[in-house]
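> Compute the structure for the input listed below.
(2 chains)
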Protein chains: 2
Amino acid sequence: MQGVMMRGAGNPVVEERPEPTIERPTDAVVRIVAACVCGSDLWPYRGQEAADDLPMGHEYVAQIIEVGADVTTVAPGDYVVGSFVISCGTCDICRAGYQSRCVHAQFVHGSIGVQAQRARIPYADGTLVKLPGKPDDDLLPSLLAASDVLGTGWFAADAAGAGPGKTIAVVGDGAVGLLGVLAAKQLGSERIIISSRHAGRQAMARTFGATDVIEERGDAAVAKIKEMTGGLGAHGVIEAVGTQQSMMQAIGSARPGGSIGYVGVSHGVNLPGDQLFFSLVHLHGGPAPVRRYLPDLVDRILRREINPGLVFDRDLPLSEAPEAYRLMSDREAIKVLLRP
Amino acid sequence: MQGVMMRGAGNPVVEERPEPTIERPTDAVVRIVAACVCGSDLWPYRGQEAADDLPMGHEYVAQIIEVGADVTTVAPGDYVVGSFVISCGTCDICRAGYQSRCVHAQFVHGSIGVQAQRARIPYADGTLVKLPGKPDDDLLPSLLAASDVLGTGWFAADAAGAGPGKTIAVVGDGAVGLLGVLAAKQLGSERIIISSRHAGRQAMARTFGATDVIEERGDAAVAKIKEMTGGLGAHGVIEAVGTQQSMMQAIGSARPGGSIGYVGVSHGVNLPGDQLFFSLVHLHGGPAPVRRYLPDLVDRILRREINPGLVFDRDLPLSEAPEAYRLMSDREAIKVLLRP
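As a prediction, the model looks like this:
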């Protein structure tokens, strides 16, 4: 079957990969209906992470081809959405809602790779969420977004304490930041301020519920947000970049006692203990336990209450995956859907 | 009046200081009934923080001498306990329960200094909690503990998510760590594991509710706690030291999704972003908003449900403050009460 391998920085290759098969009784083999390129895929693409021989892709809507003997919640023919981390669903960590650190956790990125025609999904019962039937074509992008970027933005908004009466600042205008705006809005936040200098992303942020767009970054953004909040800072901040500057902007933008939900994969970040200490903020983040939120997110999408699929501004066949990476790396596209 | 000034590292001096007076209508002038030396006072004492000309002492039980025209909740003659941070009680930050970062916050340490006979307390209504009458002598140490170490340990236990069914690890066997044990127990935790190599502190920890004492530190402590918790780590960790090793021990000891309440004043700490990210923990801490907890803590003490005053293993006159510092710095005493 065809699938994308990262063969060194800047070199995603669509090539023949081994046909997946059931290896354990808890596995499913699926046909990938839709996959996509994630902002985090750009780290290896740009050589900022190891990029040799990585099976790429971790977001997927799929149809079950075959299941192992122990799989009970999905069956051949079912349509499913899965999380970007394999999780058993039964360990103490999963049951507490932190499936992305399941004791059997496995990142789909770099090991399975779902920018491909087919894939083996371990722990199918704990990882996949069954859809009620074949999804309407126009809902496919939104369901695909739920697999990572929506679920991740939602987790960040939750960790940031988004809710009625709250002012939430968002650092990062990629798909996750934009869907953090959507999540903060859906959770009832009163005011949502996003940092963005890109007209198209600013417009999309407003569509998703942003009340304010600022163009400042770093310390200037901190000063601006304090000015907008009576000198106090935001109640909560969604951090969706992963750099030293974005983390310090997030910590600086929150009021004392405020909360930061950080989901930008951390690269080269060192948090000064004394600054963090005296900020008195709550800090929670990491690889989002998307599986916790997936059933609710799927329901909201199927009821057409939210349209996170808007973040996909390009749609290409899998064979054009290299172009998809280029479009995202050059910020010509927010997010590119890939059809195997 | 007499008061303690730090006159350079290792040199706390009991000397004549200016008599406090009402300066603003929200002030109170109080007679210090009992004060003490805090573990955090040892940072300047040991030269690990600026130590020139600092008014020392931030924990106090006191009696009101005089109040400003706008003070309504306390009157001359009243006995009070105050927090180690001045807070107005009315700003948005105070009302959200983060009084230690009140917009008018002022650390009593280094500015007022209550290792003294008398003191001016700004924002008396927002800072002080009135006692129902003259406290029984035997309750004085416990009420004094509430002013910082108990309130700080309680905040840490709260931030660590202490509660029924929870396993809480405690890093640090000073007064705050020990009272973190007490708090974790009072909040209903099932298992409380403290790291300590000191027989007296181990015994006190058990008195306060520790179920397990381990002697390991750093990575060895992390391995031990994982071994004791089925490989997962503690649900919550109380960090009460403030060093790189103690913070990394705390982060490493918590399970994914777990919570760290850190209250050791951060010195030279740099948290590696990637390790924090993948840990998926909640991190909350800083200068404890003791004022939030004080009314409840005072009630528990007056009802004799808790006896945090046990951490005071020495009781000296104010004139012997230099010896009090030495005893604590040499770990010959856990905490020394000072009577002006």
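> The residue most central in space within chain A: what's it in contact with?
For chain A, the residue sitting closest to the mean C-alpha position, by CA atoms, centre = their mean, is residue A:149 at 2.4 Å. The contact partners of residue A:149, taken as CB atoms under 8 Å, 6 or more residues apart in numbering or on different chains, are A:38, A:39, A:59, A:175, A:176, A:179, A:308, A:311, A:335. C-betas here are computed from N, CA, C, even on glycine.
> list the contacts for the residue in the stretch 101-250 of chain A that chain B sits nearest to?
For the stretch 101-250 of chain A, the residue closest to chain B is residue A:101, as judged by CB to the nearest CB, at 3.1 Å. For residue A:101, the contacting residues are A:93, A:286, A:287, A:289, B:256, B:257, B:278, B:280, by CB under 8 Å, 6+ apart.
> Repeat the analysis, applying 7 Å as the threshold.
By CB atoms under 7 Å, 6 or more residues apart in numbering or on different chains, the contact list for residue A:101 reads A:93, B:256, B:257, B:280.
> do the same with residue A:273
Contact analysis of residue A:273 by CB under 7 Å, 6+ apart lists B:247, B:266, B:269, B:270, B:271.
> ok, 8 Å please
B:242, B:244, B:247, B:266, B:267, B:268, B:269, B:270, B:271.
> Quickly note the distance from it to residue B:271.
Note on residue A:273: its distance to residue B:271, by CB to CB, to the nearest Å, is 6 Å.
> Are there residues contacting both of those two? Which ones?
residue B:247.
> where exactly do the helices run in the stretch 1-150 of chain A?
A:42-45, A:92-95, A:124-127, A:140-146, A:149-159 (DSSP state H, counting those that start in this stretch).
> Check these for me and report the most buried one.
With neighbours defined as mean count of other CB atoms under 10 Å in any protein chain shown, those peak in mean count at helix A:149-159, which reaches a mean of 30.
> What average pLDDT does that helix get?
The average pLDDT within helix A:149-159 is 98.
> ok and whichever helix or strand comes after that helix relative to helix A:149-159, angle-wise?
Counting by DSSP states H and E, the element after helix A:149-159 in chain order, helix or strand, is strand A:167-171. Using axes from the mean of the first three to the mean of the last three CA atoms, to 10 degrees, the direction of strand A:167-171 lies 130 degrees away from that of helix A:149-159.
> So which other helices or strands are in contact with strand A:167-171?
In this structure, strand A:167-171 packs against helix A:175-186, strand A:191-195, strand A:234-239, helix A:244-253, with contacts taken as 3 or more CB pairs under 8 Å, 6 or more residues apart in numbering or on different chains; DSSP states H and E.
> can you pull the contacts of residue A:78?
By CB under 8 Å, 6+ apart, the residues touching residue A:78 are A:63, A:64, A:130, A:131.
> distance of it from chain B?
Using CB to the nearest CB, to the nearest Å, residue A:78 is found at 29 Å from chain B.
> so what's the backbone phi/psi at that residue?
Main-chain torsions, residue A:78, degrees, to the nearest 10: phi -70, psi 140.
> State the distance from it to residue B:297.
55 Å.
> Please list which of the contacts of residue A:149 are also close to chain B.
Contacts with chain B within the contacts of residue A:149, as defined by CB under 8 Å from any CB of the partner chain: none are present.
> quick check, nearest of those to residue B:217?
residue A:176 (38.1 Å; CB to CB).
> From residue A:160, how far out is the residue lying closest to that closest one once chain neighbours are set aside?
Spatial nearest neighbour of residue A:176, excluding adjacent residues (CB to CB, 6 or more residues apart in numbering or on different chains): residue A:240 at 4.2 Å. Residue A:240 sits 11 Å away from residue A:160, going by CB to CB.
> Can you pull the residues that touch both of the two?
Common neighbours of residue A:240 and residue A:160 (CB under 8 Å, 6+ apart) are residue A:180.
> and the two? which has more neighbours close in?
residue A:160 (34 against 30; other CB atoms under 10 Å in any protein chain shown).
> surely the more buried one meets residue A:260?
Yes - between residue A:160 and residue A:260 there is a contact under CB atoms under 8 Å: 6.3 Å.
> Mutual contacts of those two, please.
With CB under 8 Å, 6+ apart as the test, residue A:160 and residue A:260 both reach A:236, A:237, A:238.
> just curious, which of the residues you listed is nearest to residue A:141?
Distances from residue A:141 to the shared contacts of residue A:160 and residue A:260, taken by CB to CB, are shortest for residue A:238, at 21.5 Å.
> check contacts around the nearest residue to that closest one once chain neighbours are set aside.
Computed as CB to CB, 6+ apart, the closest residue to residue A:238 that is not its neighbour in sequence is residue A:180, at 3.9 Å. Residues near residue A:180 by CB under 8 Å, 6+ apart: A:153, A:154, A:156, A:157, A:160, A:170, A:172, A:238, A:240, A:261, A:263.
> circling back: which of the contacts of residue A:273 fall in strands?
B:270, B:271 (DSSP state E).
> can you pick the most crowded of the contacts of residue A:273?
residue B:247 (27 neighbours).
> which non-adjacent residue is nearest that residue?
Spatial nearest neighbour of residue B:247, excluding adjacent residues (CB to CB, 6+ apart): residue B:269 at 5.3 Å.
> Ok, residue A:271 next?
In space, and not counting its chain neighbours, residue A:271 is closest to residue B:271: 4.2 Å by CB to CB, 6+ apart.
> Please pick the buried ones from the contacts of residue A:149.
Burial by neighbour count, 16 or more other CB atoms under 10 Å in any protein chain shown: within the contacts of residue A:149 this picks out A:38, A:39, A:59, A:175, A:176, A:179, A:308, A:311, A:335.
> is it possible to export these to JSON lines including pLDDT?
Below are the buried ones among the contacts of residue A:149 laid out as JSON lines (pLDDT from 0 to 100):
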{"residue": "A:38", "pLDDT": "94"}
{"residue": "A:39", "pLDDT": "90"}
{"residue": "A:59", "pLDDT": "97"}
{"residue": "A:175", "pLDDT": "95"}
{"residue": "A:176", "pLDDT": "96"}
{"residue": "A:179", "pLDDT": "98"}
{"residue": "A:308", "pLDDT": "98"}
{"residue": "A:311", "pLDDT": "96"}
{"residue": "A:335", "pLDDT": "95"}
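> Let's have the residues you listed in a markdown table, adding distance to residue B:222.
Formatted as a markdown table, the buried ones among the contacts of residue A:149 follow (distance: CB to CB, whole Å):
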| residue | distance to residue B:222 |
| --- | --- |
| A:38 | 32 |
| A:39 | 32 |
| A:59 | 33 |
| A:175 | 35 |
| A:176 | 31 |
| A:179 | 35 |
| A:308 | 38 |
| A:311 | 39 |
| A:335 | 38 |
